[in-house]
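[1] okay, structure incoming, though there's no sequence with it:
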């Protein structure tokens, strides 16, 4: 089945709208993740600098997250 030319143009416009929206969504998610990683790193650095946390705490944090939030580590 072939699509009439007029519909192809309309479909192309809609496809471009969807593609642009998806790109904006990906950009927004990436920006949020970068901000999150920055905040996590800053919090860890401050705790270590204030001698509240020792050298092995990052490994313990990773183990804690893997145990309490497995979907974060192993998404389905």
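    Great, that's in hand. On a predicted model such as this, the values are computed, not experimentally measured, just so you know.

[2] shaky segments in this structure?
    The chain contains residues with pLDDT under 70 at 1-3, 75-76.

[3] next one: the residue nearest the centre of the chain from residue 48, what distance?
    Closest residue to the average C-alpha location of the chain: residue 33 at 4.5 Å, with Cα atoms, centre = their mean. To residue 48, residue 33 is 22 Å away according to Cβ to Cβ, to the nearest Å. Every C-beta, even on glycine, is put in place using the N, C-alpha and C of the backbone.

[4] residue boundaries of the helices in this protein?
    Applying DSSP state H to the chain gives helices spanning 5-49, 57-68, 70-73.

[5] check which helices and strands the shortest one sits against.
    Contacts defined by 3 or more Cβ pairs under 8 Å, 6 or more residues apart in numbering; DSSP states H and E place helix 70-73 against helix 57-68.

[6] do the same with the second one
    Under the contact criterion of 3+ Cβ pairs under 8 Å, 6+ apart, helix 57-68 touches helix 5-49, helix 70-73.

[7] can you tell me which of the ones you listed is nearest to residue 60?
    helix 5-49 (11.4 Å; Cβ to Cβ).

[8] which strands and helices sit next to that closest one?
    helix 57-68.

[9] centre of the chain versus the helix it packs on, how much separation?
    Here helix 57-68 is found 19 Å from its chain centre; the criterion is Cα atoms, centre = their mean, to the nearest Å.

[10] got the contact list for it?
    Defining contact as Cβ atoms under 8 Å, 6 or more residues apart in numbering, one finds that helix 57-68 is touched by 44, 47-48, 72-73.

[11] and with 10 Å instead?
    40, 44, 47-48, 53-54, 72-74 (Cβ atoms under 10 Å, 6 or more residues apart in numbering).
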